[in-house]
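Asker: sequence first, then the predicted structure:
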Amino acid sequence: MRKIRKVAALACVAALAALGLAACGDSGGDGGSGKEGGELKGTLTSFPDSLDPQDSYTLEGWEALYNVYVPLLTYQHGSGEEGTQVVPGLATDMPKVSADGKTYTLTLRKGMKYSDGTPIKASDFRYAIERLFDLDSGGSSFFSSIVGAEDYADGKADSITGIQANDQTGEITINLTDPSGTFPNELALMFAAPVPQNTPKDTVQTNNPIPSSGPFMLTDVEAPRGYTLARNPQFKTVQDAGASDVPDAHVDKITVTQNKNQSAQAQAIEQNTNDFMVDPPPADLLPDIENTYSDRFRFEESINTYYFWMNMTQPPFNDLRVRQAINYAVDPAALTRIFGGRLHPSQQILPPGMPGYQEYKLYPGPDLEKAKALLAEAKPSDMDITVWTDDEPDRKRIGAYYQDVLNQLGFNTTLKIIGGDIYFDTIGTLKTPDLDTGFADWFQDYPHPNDFFEPLLSGDSILQTNNQNYSQTSIPELTDEINQLDQEQLSDVEDQYAELDKKFMEQAAWAPYGNEEFTTFTSDRVNFDGVDFSLVMNLDYSSFQLQD
Amino acid sequence: MPPAGAMPTGEPPLPVGEDVEAIQGRSPWYLAYLRLRRNKVAIGFGVLFIVIVIFCLAAPLWSHLVAKTGPNDNHLTDQITIGGEKTFVVAPNGIPLGPGLHAKFLLGADDNGRDVMVRLMYGGRTSIYIGVMAAFITTFLAVALGLLAGYYRGWPDSVISRVLDLIWAFPVLLLGIALGTALAVGGLKIGPLEIPPDSLWIPIGIIGFVYVPYMARPIRGEVLALREKEFVEAAVAQGKGPIRIMFTELLPNLVSTIIVFFTLNIANNMLLEAALSFLGAGVKPPNASWGTMIADGEDRLITAPHLTIVPGLMIVLTVLALNVFGDGLRDALNPKAKLRMDQ
């Protein structure tokens, strides 16, 4: 997760999804039968970074919030390709776009209420977007092309002038500084979900859940221990307003608790004392689970890239030869074993299934001799580096592997392991000392290659906080190319994106090593065939249903 | 039936039938040695502890001559030959090699393809090192504070006792976790003293600190009793200053207590280190300690229980050995004492 954007034409929304999802799985869906009501228990390894729709920017967060907060547009509920389609959410229809592509007009459905009974108003959308800037959210960059957004962010204006909202008619007009073909996708992100205007603007509300507009509401959040979702009693008003693409929940309550032990999570599902787990089972249990529980376990396609970032602004990684040495030394086949075989080895930025993906390999290996030769040539002035990773079991192992590789190359390393719920915030804050290199991953926000380049590799996207460009890559000519390609029809520039991928890897901006496959594993109590796994939001809690 | 003159209380037998002139005086240390020697169980466990220490000290030898790998070396894609067949240290599906009669990977491999035997030996060095060094810190601080509080009484005693009470008020594990977590990110920096967060001196310092009240309070009590004795009054009458009295009169009388506490403290320190490391607030991965090894093996409890059981067993044996030997020492040095480290 995490991104930014802007593009040109509007018809590309559907095309994006169609083009980008050739490799998507067709698991889940509408099979099986179940009953309404009941409660489910789930587990996850790390508590989400946040449960505030304007702040959360991780898969865990969006998975939890997908059925709690509904944006004007939303991602369709369904597995595989279906789950990447943008459909009307709280808005009556898809936006009307002006001829110059700069003005979007939507209408809010009438008579809807938040879970606390507060009416949902058109101006709540503007409030939510303004809140993004007040929170300095990583999602604010998606909406910085709205007229007046930068002035608002800089404190020069009291509100964003480019958003006009009429609470009487429900009409919302959004004026952009430049046309953007991906703007509907961005409107469907969790960041743009309207929230009541009594929500504090400048503080994250994870522990004080904001009233919901979706089928569930957050009732009990105890970060980092867990959270509870219960039926939203006011969701009927959303359904009555015609939001047919936002399905109601089947179960009354879902309790999700953090458990760092993935074996314990999986065994609890085997014994039907836990109903689902957000993360995959550990590698050693996978073969047995796959064979024994094939009626309630399956692999799921996911569009992502795992990589090591290297801080290009300071020694030793400001030297291209050092970064290339790392790429030669890292062995994707070794890391595949840490994932229990669930990792497709790859050494490029775009993952399979993403438009613009063309397989290539610039750094054949692992070749430690070549890596050492490059380092000997570079003679880095600083060999003392800090390696960052988080405390999830697989991530710790990845960090230990990477540290060992760096030690073999002659670096003096310190492995820093911090909590999964604060990891990305920590390495995304540039003031954090010793940001040298470490673990990172990226899951698509929507199927467009710009989602990988602009937030993660553009010099324009380096932020003091909530930074996603962990390598702090700033190569002016490539940043210009990102901006230029973003203005084009995707279908016309797929090959250029593939070339851009190579150009960044020639600069060894990252050391990528693979693309992860996900899993769905549920207890006997769950109607497994009915469980949807979205390519954007992962598990869809509204599809959870107890067996008959 | 004991020989005539033998003490039924466990004291060494008095010499019977010897020429009075030939009888030599026996120092308290010699008597303690004789008492300890007769406690076969304590001696047995003392020997066990020494064996464990030798086993851990031999880690570099095993690592270089037998296993030919270091404790943190990953072998994710390597193969070894077992029974003439090439076998992956970690299979492509992520399952690591199990224990077996092969010099390399005698106890199998962990998830990163690291040799568990090598890590067990190096981990033991770490755990014992932390236990001993923390015990030195605890002992030094506890003796200093106990002497000051017990000798001076009055307001120094009040201040020191209240500070110790404050530390005592927190459960050891909770205080250890709090300190370990707080120091995990930035390490410790006090003036010119700078300790990086991954240094072993962080858990050593924490463990050494949290156990101070448990040793300082009984020592203070003993000093309070000792300072009322005649030999202290005699020393005062001779014009000795407080510091000199503390070091030349009181401290020698505390040595047996300190030795017993020190031994028992090592065992407690090792247990606390294992707990803190297991919870991520002690030794920092990938460095091996028995606590971090248990944490690493936690996820494999069903499919590879030896990853957890073996380091756990080593902790049990070491702590048991130290406790039994410590009890033996206590009985030998001061049979009437009822010293124990309450928690």
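Answerer: Alright, I've got the coordinates. Numbers count the residues shown, from 1 in each chain, chains lettered A, B, ... in the order given.
Asker: show me where the stretch 101-250 of chain B has strands.
Answerer: Counting by DSSP state E, counting those that start in this stretch, the stretch 101-250 of chain B has these strands, from start to end: B:188-190, B:193-195.
Asker: my bad, should have said the stretch 1-150 of chain A
Answerer: Listed from the start of the chain, the stretch 1-150 of chain A has strands (DSSP E, counting those that start in this stretch) covering A:34-35, A:39-44, A:73-75, A:86-88, A:96-97, A:103-107.
Asker: as a markdown table, the strands of the stretch 101-250 of chain B with distance to chain A and mean neighbour count would be great.
Answerer: C-betas here are computed from N, CA, C, even on glycine. Shown next, in a markdown table, are these (distance: least, Cβ to the nearest Cβ, whole Å; neighbours: other Cβ atoms under 10 Å in any protein chain shown):
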| stretch | distance to chain A | mean neighbour count |
| --- | --- | --- |
| strand B:188-190 | 12 | 12 |
| strand B:193-195 | 13 | 11 |
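Asker: figure out which of the ones you listed is closest to A:Asp425.
Answerer: strand B:188-190 (23.5 Å; Cβ to Cβ).
Asker: mean confidence (pLDDT) on the closest one, please.
Answerer: Strand B:188-190 shows a mean pLDDT of 85.
Asker: quick one: list the elements packing against it.
Answerer: strand B:193-195 (3 or more Cβ pairs under 8 Å, 6 or more residues apart in numbering or on different chains; DSSP states H and E).
Asker: and the pLDDT for the nearest residue to A:Gln54 once chain neighbours are set aside?
Answerer: Nearest non-adjacent residue to A:Gln54, counting by Cβ to Cβ, 6 or more residues apart in numbering or on different chains: A:Arg131, 4.7 Å away. The score at A:Arg131 is 97. That number is its pLDDT.
Asker: A:Arg131 and A:Ser302: what is the separation?
Answerer: 29 Å (Cβ to Cβ, to the nearest Å).
Asker: now swap in A:Ala149 and tell me
Answerer: Look at A:Ala149 and A:Ser302: by Cβ to Cβ, they are 31 Å apart.
Asker: ok, now B:Asn265?
Answerer: From B:Asn265 to A:Ser302 the distance is 51 Å (Cβ to Cβ).
Asker: more neighbours, these two?
Answerer: Between B:Asn265 and A:Ser302, counted using other Cβ atoms under 10 Å in any protein chain shown, the more crowded position is B:Asn265 (28 against 23).
Asker: sorry, back to before: counting neighbours, what do you get for the residue nearest to A:Gln54?
Answerer: The burial count for A:Arg131: 24, using other Cβ under 10 Å.
Asker: tell me the contacts of it?
Answerer: A:54, A:137, A:195, A:199, A:201 (Cβ atoms under 8 Å, 6 or more residues apart in numbering or on different chains).
Asker: ok, 7 Å please
Answerer: A:Arg131 makes contact with A:54, A:195, A:201, according to Cβ atoms under 7 Å, 6 or more residues apart in numbering or on different chains.
Asker: now do the same for the second one: its pLDDT.
Answerer: What it means is A:Val195. At A:Val195, the model reports a pLDDT of 97.
Asker: helix/strand/coil for it?
Answerer: Using DSSP: H, G, I helix; E, B strand; the rest coil as the criterion, the local structure at A:Val195 reads coil.
Asker: right, and it touches A:Ile210 too?
Answerer: Yes: applying Cβ atoms under 7 Å, one finds A:Val195 in contact with A:Ile210, separated by 5.0 Å.
Asker: look at those two and report which has more neighbours.
Answerer: A:Ile210 (27 against 24).
Asker: which element is that one on?
Answerer: For A:Ile210, there is no helix or strand it lies in under DSSP states H and E.
Asker: model confidence for it, exactly?
Answerer: 97.
Asker: and what of A:Arg2?
Answerer: 36.
Asker: how far away is whatever residue of chain A ends up closest to chain B from A:Phe235?
Answerer: Chain B sits closest to A:Ala283 of chain A, with a gap of 3.1 Å, by Cβ to the nearest Cβ. For A:Ala283, the distance to A:Phe235 equals 39 Å [Cβ to Cβ].
Asker: kindly report the same for B:Leu57.
Answerer: Using Cβ to Cβ, one gets 67 Å for the distance from B:Leu57 to A:Phe235.
Asker: grab the nearest non-local neighbour of B:Thr81.
Answerer: Distances taken as Cβ to Cβ, 6+ apart place B:Thr87 nearest to B:Thr81, at 7.4 Å, with adjacent residues excluded.
Asker: now A:Asp202
Answerer: Excluding the flanking residues, the one nearest A:Asp202 by Cβ to Cβ, 6+ apart is A:Asp134, at 4.6 Å.
Asker: name the element the closest residue to chain A within the stretch 151-300 of chain B belongs to?
Answerer: Nearest residue of the stretch 151-300 of chain B to chain A: B:Pro286, at 4.2 Å (Cβ to the nearest Cβ). Using DSSP H and E, B:Pro286 sits within no helix or strand.
Asker: the closest residue to it other than its chain neighbours: neighbouring residues, count only.
Answerer: Among residues not flanking B:Pro286 along the chain, A:Ala400 sits closest, at 4.2 Å (Cβ to Cβ, 6+ apart). Using other Cβ under 10 Å, A:Ala400 has 24 other residues around it.
Asker: SS state for A:Ala249?
Answerer: Assigned by three-state DSSP, the conformation of A:Ala249 is coil.
Asker: next one: A:Phe308
Answerer: strand.
Asker: name the nearest residue to it, sequence neighbours excluded.
Answerer: A:Phe308's closest residue in space is A:Ala511 (Cβ to Cβ, 6+ apart), at 4.2 Å.
Asker: then that neighbour would be within a strand, right?
Answerer: Yes: A:Ala511: assigned to a strand according to three-state DSSP.
Asker: you'd agree it is up against A:Thr305?
Answerer: No: look at A:Ala511 against A:Thr305 with Cβ under 7 Å: they stay out of range, at 11.2 Å.
Asker: coming back round to it: distance of the residue nearest to B:Thr81 from A:Ala378?
Answerer: According to Cβ to Cβ, B:Thr87 stands 37 Å off from A:Ala378.
Asker: just A:Asn318 next, same as before
Answerer: According to Cβ to Cβ, A:Asn318 stands 10 Å off from A:Ala378.
Asker: now swap in A:Asp445 and tell me
Answerer: From A:Asp445 over to A:Ala378 the distance is 35 Å, taken as Cβ to Cβ.
Asker: give me the neighbour count for A:Asn527.
Answerer: Count around A:Asn527 with other Cβ under 10 Å applied: 20.
Asker: try B:Leu333
Answerer: B:Leu333 is flanked by 22 other residues according to other Cβ under 10 Å.
Asker: so it is in contact with B:Ser256, correct?
Answerer: Yes: under the criterion of Cβ under 7 Å, B:Leu333 makes contact with B:Ser256 at 3.6 Å.
Asker: ok, the spatially most central residue of chain B - contacts?
Answerer: Closest residue to the average C-alpha location of chain B: B:Ile266 at 1.7 Å, with Cα atoms, centre = their mean. B:Ile266 sits next to B:131-132, B:135, B:322 when contact means Cβ under 7 Å, 6+ apart.
Asker: low pLDDT regions in the stretch 251-400 of chain A?
Answerer: The model of the stretch 251-400 of chain A has no residue with pLDDT under 70.
Asker: hey, where'd the helices end up in it?
Answerer: A:262-270, A:286-292, A:320-329, A:332-338, A:368-378, A:393-408 (DSSP state H, counting those that start in this stretch).
Asker: same check on the stretch 401-548 of chain A?
Answerer: Along the stretch 401-548 of chain A, counting by DSSP H, counting those that start in this stretch, helices occupy A:423-427, A:450-457, A:476-486, A:490-506.
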